[in-house]
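In: no FASTA, just this:
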C-alpha cells in the first residue's frame, strides 16, 4: 500500500531490513568497564565512578534508540495496514453516497427504480 505514495515495495523492504539491522547492531554493542584509569586518589576514584555512570546512561540511550528503530520499522507495516483499511472504508462510503445521490436527485422519478416515492403524508 505504501507504493501508492510512490515508494516501491523493494525500497520499503530494504528500509525495514536496514532499521532491523541497525537496531541489532546497536543492541550488540556492550560498553566495557572503565576501571581506575583516573588514578587512585579520591578525586580520581570519583571521576571514574561518574564516568562509569555516564557510560551506563549512554548505553541505556543506545538501547532506547534501537527500540525506536524497531518501533519505526513496525510502524511502517501498521501504517500500510491502516492505509489499506482507509482505502477500503472510503470505497464503501463513496458507494453509499453515490447510491443516496442517485436517489435524491434523479432525472425522473418514474424511471428511478432505486427509490420509492412516499405514499402518505408530507402535509405537516
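Out: Here it is on my side, so go on. Nothing here was measured: the structure is a model prediction, and the numbers come from that model.

In: which residue ranges form the strands in the chain?
Out: Along the chain, counting by DSSP state E, no stretch forms strands.

In: And the spatially most central residue of the chain, how far from residue 44?
Out: Nearest to the geometric centre of the chain sits residue 75, at 2.9 Å (C-alpha atoms, centre = their mean). Using C-beta to C-beta, to the nearest Å, one gets 46 Å for the distance from residue 75 to residue 44. In this view, the C-beta of every residue, glycine as well, is placed from N, C-alpha and C.

In: Was I right to think residue 66 contacts residue 23?
Out: Yes: with contact defined as C-beta atoms under 8 Å, residue 66 counts as touching residue 23 (4.1 Å).

In: just the helices in the chain please.
Out: Taking DSSP state H, the helices of the chain run over residues 9-28, 42-104.

In: right, and the ones you listed - which one's nearest residue 34?
Out: helix 42-104 (5.4 Å; C-beta to C-beta).
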